[in-house]
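> pasting the sequence and the predicted coordinates here, then a few questions.
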Amino acid sequence: MSNLRKNIHIGIFISAVNFLIQCATFFINNFMARNLGAIHFGYLGILQSDYLIFCALADFGTATLILAFFGQRASRGRLLAQVFQLRFLLAFAAMLLMCLFAFTIRRHHPAFYGELILAIGLIFQHAFFDWYFLCGKFWKRFLASKILHTISYTCIMSFALLYLQLQRIEFIALAMVLAALPAWGFGVRSAFSKRIFMFTKRSLLFVKLILNKAFPFALASLASFAYLPVGLYAADIFAPPDFLGAYNFSHKLIVLASGFMVYFISSTLISQHESRESQLHTREILFFTLFITLVCSPLLLFPKFILHLFFFAVLWTDSLLDTSAFCLQLLTLSLIFQAARMSMISSLLKQKKIWTYVAIVSGCGMLNIVILFGMLSQTDNFRLIPLWTLSGDLCITLFLFGFFLSKRRLVW
C-alpha cells in the first residue's frame, strides 16, 4: 500500500509540473502573438511544428524503448554511457537534417533563420535527460529539472518579449534556445561522465540494435504529424497569410487540449492492465465520448470567448476573430474523435500489437494527406482546410471500430 501511495503521489506531482510547463508556454505564446502580429505568429507556428517533427526524429522512439527494456539499469554503468552516446548521435543527426531541411525547403520562408537556430536547440533540449531521471527513479531531480525549466523559460522569454520587445522570429527562436540551457545544464551536472566520449565497436552495435527495435515506435510518433499539423502546412501553402495566422490560434488550443488527452490514454492503459477482460464495452466508449464532448462544449458554443480568454494579450480584429473561431469549432471535433478511439488504441498498446497500431495510424495519416491536398488542388476554398484536416481523425476512428468489430471484441 505504501508503494501504491508513493506512485500516486509521484504521478500527481509529475502531472502538476507538466501542467505548469504547458500553462507557462501558453502564457508566453500570448506575448509572442502580440509582438509578432497574427501573420508572423502563423509563420512561428510553422517553425514550432517543424521543430517538433525533428524532435521526434531526435528521439526516434528510443526513450520509450529504453524505459520498457532496461529500466533502472540504463541509469548506471556502461549501459548509461551507451544510451547517452545513442541519444547524442540521434540529436546531432536530427540537427543536420533540420539544417538541410531549412536550406532546401524553407530557404525563402520567413521562418528560415529561426529554423537554423532551433536546429542547434535540438542538442540542448530541456527534456534531453528525462529518460535518465525516469529510468533511475530520480524523482526529486526530475521535478527540480522541470521546475527549473519552467522558471527559466518564463523569466527569459518574458524579458525578451516584454522588456526587449523582440518582434522577429529568429530572435524569439534564439531566446527559446537560451531558455532551455539551465535545465539542460542541470541534467549535465546530474548525469554526465567522461565515459560518454569513449566510443567503441560495442557502442555502435548497441546503437544499431536499439534503432532497429525502436523503428515502429518512431514511425508511430512521426505518423501522428500527418493529422492536425498537416492542416497548418496546408494553410501555409494554399491560404493567404492572414488565414494561416487565424488558423494557428485555433490550432494551438487544440494541440494543448490533445496533450491532456495523453493522460487519459495512460489512465485507460492502467485500468485495462488491471482487468483481464479482452472485450471493449461500447457503452463505456459512448459515455466517455459524451463526457469529452461536454468538456469541449465551450469550444463549440463560445469559440470567440475562449479565444479572447486564452489569448488575452492579442489585439483581435473582427475578421481575425471570426476566422479563428470558425477554425476552432471545426478542429474541436478532432478531440471528440480522439475520445471515441481512446480505449481501442489503449487495447492495442496493452496487447503489444505495435505494428498493427503503426499500420493503422500511418495508413490513415497518409489518407488524410491525400484527401486534404487533393481537395485543395481541385478547389481554391481554403476556408475548408480545418474540415478536410479532420478526414484523418474520422478515418482512423471508423477503421478502429471496424477492426474491433471484425475481431468481435466490441460488446454493449
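Done, it's in. Residues are numbered from 1 along each chain as shown.
> in stretch 173-186, which residues are buried?
For stretch 173-186, burial by neighbour count (16 or more other C-beta atoms under 10 Å) applies to 173-184, 186. C-betas here are computed from N, CA, C, even on glycine.
> TSV for these, including secondary structure and distance to S221?
Putting the buried residues of stretch 173-186 into TSV (DSSP: H, G, I helix; E, B strand; the rest coil; distance: C-beta to C-beta, whole Å) gives the following:
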residue	secondary structure	distance to S221
A173	helix	23
L174	helix	27
A175	helix	27
M176	helix	22
V177	helix	23
L178	helix	27
A179	helix	24
A180	helix	20
L181	helix	25
P182	helix	27
A183	helix	22
W184	helix	22
F186	helix	26
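> so what does the helix or strand bottoming out on mean pLDDT in the chain touch, helix or strand wise?
Lowest mean confidence among the helices and strands of the chain (mean pLDDT, DSSP states H and E): strand 410-411, at a mean of 72. Here strand 410-411 is seen to pack against strand 280-281 when contacts are counted using 3 or more C-beta pairs under 8 Å, 6 or more residues apart in numbering; DSSP states H and E.
> what's next to the helix or strand just after the strand it packs on, contact-wise?
Using DSSP states H and E, the helix or strand that follows strand 280-281 in sequence is helix 282-301. For helix 282-301, contacts defined as C-beta atoms under 8 Å, 6 or more residues apart in numbering pick out 253, 257, 305-306, 328-329, 332, 335-336, 338-340, 342-344, 410-412.
> now with 10 Å, please.
With contacts defined as C-beta atoms under 10 Å, 6 or more residues apart in numbering, helix 282-301 is touched by 250, 253-254, 257, 260-261, 264, 268, 281, 305-307, 309, 325, 328-344, 397, 401, 404-405, 410-412.
> quick one: buried ones out of the residues you listed?
250, 253-254, 257, 264, 268, 306-307, 325, 328-344, 397, 401, 404, 410.
> what's the domain layout of the chain?
2-208, 228-411 (automatic domain parsing).
> the shortest one: end-to-end distance?
It refers to domain 228-411. Its first and final residues considered, domain 228-411 spans 30 Å by C-alpha to C-alpha, to the nearest Å.
> how about stretch 341-359?
16 Å.
> so how far does stretch 53-66 reach from one end to the other?
End to end - C-alpha to C-alpha - stretch 53-66 spans 20 Å.
> so for the closest residue to K304 other than its chain neighbours, what's the pLDDT?
In space, K304 comes closest to A325 once its chain neighbours are excluded; the distance is 4.8 Å by C-beta to C-beta, 6 or more residues apart in numbering. pLDDT, the model's per-residue confidence, is 94 for A325.
> give the helix, strand or coil label for A325.
helix (DSSP: H, G, I helix; E, B strand; the rest coil).
> right, and it touches F311 too?
No: under the criterion of C-beta atoms under 10 Å, A325 is not in contact with F311, lying 11.6 Å apart.
> common neighbours of the two, please.
Common neighbours of A325 and F311 (C-beta under 10 Å, 6+ apart) are F249.
> if we can go back for a sec, distance to P216 for the domains of the chain - can I get that in TSV?
Output for the domains of the chain, formatted as TSV (distance: least, C-beta to C-beta, whole Å):
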stretch	distance to P216
domain 2-208	7
domain 228-411	5
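> for A218, which of those is the nearest?
Checking the domains of the chain against A218 by C-beta to C-beta gives domain 2-208 as the closest, at 3.8 Å.
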